[in-house]
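> fold the following.
(chains A and B)
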Amino acid sequence: MNAVTEHSEFSLPGIRCAGCIAKIEDGLARTPGITAVRVNFTTKRVAIDHRAGIGPQSLREMIGNLGFVAEPINIEAVEDSNRAESRVLLKALGVAGFAAMNIMLLSVSIWSGADGATRQMFHWLSALIAMPTVAYSGRPFFRSAWLALRHGRTNMDVPISIGVLIATALSLFETMTGGEHAYFDGAVSLIFFLLAGRYLDSAMRDRARDGADALLRQTAPGGIVLGDDQSSGWVSAGAMKPGMRLLVAAGERFAADGVVEQGESGVDRSLVTGESACVPVGIGSRVIAGTLNLVGPLTVRVTAAGPDTTIAGMARLMEAAGQGRSRYVRIADRAARYYAPAVHTLAITAFAGWMIAGAGWHQSLLIAVAVLIVTCPCALGLAVPVAQVVASGALMRRGLLVKDGSALERLAEADCVRFDKTGTLTLGRPTLIGDTIDDGWEASVALALARVSRHPLSQTLAAHLQESGVRPADIADVREIAGMGIEARCEGARVRLGKPDWAGAPVPTDEALACGFGIEGRAGHLLRFADRLRADSGDAIARLAAMGLDAVILSGDRYQAVAPVAEQLHVPAVFGMTPDDKVQAITRLGAAGRRVLMVGDGLNDGPALAAGHVSIAPSSASDVGQNAADIVFLGDSLWPVPIAVAAARRTMRIVRQNFALAIGYNILAVPLALMGLVTPLIAAIAMSTSSIIVIGNALRLTRCAR
Amino acid sequence: MSGIAVLIPIALFLGLGGLAAFFWSLSSGQFEDLDGAALRILIDEDKKEGEG
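A predicted model of the protein is given here:
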């Protein structure tokens, strides 16, 4: 019937319940041309199969008509490779689990006294199960160990791989020569335990990343381009060229950098500055891709598109700044640097010692392998991932999304903190201060007017009035007058919301953001707004100071805007900084041996967030900020920042305890192994107990984010 | 011994069956949307008009 079907995906940050799923799936499925709709609640996305004729813009409107905000997603996004990693680990885990259970079953009967032909058969069966399992499920470890060795480094996977491979090879030899002990069970259950830790780690990061992605505000994937003959058509952002004329309606994002040719409007540049004040633009003004056109339609001559836009340039700066971080060596790998050589020397010494004592090469080799298996870092390999998974889960329940695996390790090391001002210490959006409208009828008229406009001050006013229980009045003849405000008629009187003098309100005496509201024949109201500090900024900074992190504000804003905030919080501040200045300030601190925690939100903070030892961004941040940050926090409070630092430090304390427990167990078990007393049974019991102890200790972190 | 010769293949076969089922469910996307699956059970199939 329909020849070509296309596949589109949209992000749906607003879905909350089963009703939302049903509403979207039923609503879209009834539309002609759409063949399949599937909502994924975990990733907050909808996947749509539709006829090629339906464009993303109309699909987006259809979802909008159902009452949901949808943002198109570029399907070939990078994150799919991360999902694939979890899936490979899960498959390997499934195979290892099957093998470990069956081999254990056979081993139990050997330990209970099966001998002769039965033991021989059981060994062979175990070998048949274990060999393919080690080859399949061991790959993640072998690959990572090989990569490390090739670069002349060692990590935790090197002793793991050597231990598993030698244990399997020796057990196979034992089986072929009819020997008494085979360690297949040990090798396979080691792989199983370690894979479990690694899968949990990877799955937790996927979840955090999904959560952060769902919040992202996308840059416009394209826009309406005017042809020379006044025809117009939709062109994707990647296909735009300088010189094209772009038509941008109110409420749309610019898909490319350009200069306004026609029209007047206000632009929300929060993507770039993190501050959602309405910046007026007219003919000749420059606009930046990704910012939001608020008031009226604009025609824009494209000056830069695709990789040449300001945003893309910022992304490159960020990539360069983030390179230092990729050299970070995780704590488990740092431990492995000392652990692996020690263990391998011990095994070789044991072999040599027993040879000299005259035990024969076969028995000496058996003992050396027993040493390797007993010291194989099962608990050590679990110590870090389990603690981090439990801590990340606890933080997620407190509204903190940990996006990077090593973020908690780096956060625990931070010794100073640098804040951006706008949008980080402050809310980044105007809030009503001072007088509001007391008269019930006047308030309902004001709400009716404010609801119509996209101007940030109107939206704040509307939200404020709605929260205080005001119902909108009936208004007629609504007109938006560019540069002035909104006018309408209500019960015969002319009502206005906009510039104070135009609306008939007293003219403000200072520089504060303000708008006026006036009804013909009545006294006008002056409504004042300010970008307020986050409610508990002061307490949060004090707590950070108590933890030994000194705070400084790095702001791109003017002195007049920064000084009051710095004074109120008793924090030193540097003002008027460009993104480059911020990066340099942080790299200088890094070079001096300090470990900087950067907290920021705007596009201008992106490079600084990437340059910091570790970084945190609020969920209101620009998508560049959120991508660059290691941790994203939700909500209007700054309190999550000290909570994250405290939780990270507790996590590292537990990790170190786990290391101590794992090494302590080795100190008990190694002498037994050296004396040749460790049978496969003892190895299996010792390995499981140490793993369980380590996991149990890590579970104490469930309440670390209180 | 003859009992074992029957029982071990059965045990292995059952285990492999479980493993195959796990791989199938993984590749058919049943692990893609774990939170959504918990909510979908609440959707009424026979509802007439699509209201929340």
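> only C-alpha atoms for contact and neighbour calcs from this point on.
Noted.
> convert the strand or helix carrying A:I693 to PDB, retaining C-alpha atoms only.
Following DSSP states H and E, the helix or strand that holds A:I693 is helix A:680-699. Only the C-alpha atoms of helix A:680-699 are listed here, as PDB (Å, rounded to 0.1, in the frame of the first residue of the first chain):
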ATOM      1  CA  PRO A 680      39.000 -25.800  44.600                       C
ATOM      2  CA  LEU A 681      36.400 -26.100  47.300                       C
ATOM      3  CA  ILE A 682      38.200 -23.700  49.600                       C
ATOM      4  CA  ALA A 683      38.900 -21.300  46.700                       C
ATOM      5  CA  ALA A 684      35.200 -21.200  45.800                       C
ATOM      6  CA  ILE A 685      34.100 -20.600  49.400                       C
ATOM      7  CA  ALA A 686      36.700 -17.900  50.000                       C
ATOM      8  CA  MET A 687      35.900 -16.100  46.800                       C
ATOM      9  CA  SER A 688      32.100 -16.000  47.400                       C
ATOM     10  CA  THR A 689      32.400 -14.800  51.000                       C
ATOM     11  CA  SER A 690      34.700 -12.000  50.100                       C
ATOM     12  CA  SER A 691      32.400 -10.900  47.300                       C
ATOM     13  CA  ILE A 692      29.400 -10.900  49.600                       C
ATOM     14  CA  ILE A 693      31.200  -9.000  52.300                       C
ATOM     15  CA  VAL A 694      32.200  -6.300  49.800                       C
ATOM     16  CA  ILE A 695      28.700  -6.000  48.400                       C
ATOM     17  CA  GLY A 696      27.200  -5.900  51.800                       C
ATOM     18  CA  ASN A 697      29.600  -3.100  52.800                       C
ATOM     19  CA  ALA A 698      28.700  -1.100  49.700                       C
ATOM     20  CA  LEU A 699      25.000  -1.400  50.400                       C
END
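> just the buried positions in it, please.
Along helix A:680-699, these residues count as buried under the neighbour rule (16 or more other C-alpha atoms under 10 Å in any protein chain shown): A:680-681, A:683-684, A:686-688, A:690-691, A:693-695, A:697-699.
> from the contact counts, what lies against it?
With contacts defined as 3 or more C-alpha pairs under 8 Å, 6 or more residues apart in numbering or on different chains; DSSP states H and E, helix A:680-699 has these neighbours: helix A:184-215, helix A:361-375, helix A:378-397, helix A:640-674.
> if we go to 7 Å?
helix A:378-397, helix A:640-674 (3 or more C-alpha pairs under 7 Å, 6 or more residues apart in numbering or on different chains; DSSP states H and E).
> which one of the ones you listed lies closest to A:V259?
Of all the helices and strands packed on helix A:680-699, helix A:640-674 sits nearest to A:V259, with 39.5 Å by C-alpha to C-alpha.
> residues contacting the helix holding A:I693, please?
A:111, A:181-183, A:186, A:374, A:378-379, A:383, A:386-387, A:390, A:654, A:658, A:662, A:665 (C-alpha atoms under 7 Å, 6 or more residues apart in numbering or on different chains).
> what's the next secondary structure element after the helix or strand hosting B:I10?
Applying DSSP H and E as the criterion places B:I10 in helix B:2-27. Using DSSP H and E, the helix or strand that follows helix B:2-27 in sequence is helix B:34-40.
> what mean pLDDT does that next one have?
Taken as a whole, helix B:34-40 has a mean pLDDT of 82.
> hmm, that helix in reach of chain A?
Yes: Helix B:34-40 is in contact with chain A by C-alpha under 7 Å from any C-alpha of the partner chain, via B:L34, B:D35, B:G36, B:L39, B:R40.
> surely the last one is in contact with A:G19?
No: under the criterion of C-alpha atoms under 7 Å, B:R40 lies out of contact with A:G19, with a separation of 8.9 Å.
> report how many residues lie close to residue 40.
No chain was given, so I picked chain A. Neighbour count for A:N40, taken as other C-alpha atoms under 10 Å in any protein chain shown: 20.
> my question was about chain B
B:R40, neighbours per other C-alpha under 10 Å, totals 16.
> same deal with A:H151?
Going by other C-alpha under 10 Å, the residues that sit close to A:H151 add up to 8.
> next: A:E61.
With other C-alpha under 10 Å as criterion, A:E61 counts 14.
> just to revisit the earlier point, and the contacts of helix A:680-699, which two are furthest apart?
The most widely separated members of the contacts of helix A:680-699, counting by C-alpha to C-alpha, are A:H181 and A:V390 (37.2 Å).
> okay, the two: which has more neighbours?
Each of A:H181 and A:V390 has its neighbours counted (other C-alpha under 10 Å); A:V390 has more, 23 against 18.
> surely the more buried one meets A:T702?
Yes: A:V390 lies in contact with A:T702 (C-alpha under 7 Å); the separation is 5.9 Å.
> any low-confidence regions in the stretch 351-500 of chain A?
A:377, A:454, A:482-483 (pLDDT under 70).
> now with 80, please.
For the stretch 351-500 of chain A, the stretches flagged by pLDDT under 80 are A:373-381, A:403-405, A:422-423, A:428-440, A:451-457, A:459, A:469, A:479-484, A:499-500.
> re the thing from before, quick check: mean pLDDT of the helix holding A:I693?
Across helix A:680-699, the average pLDDT comes to 84.
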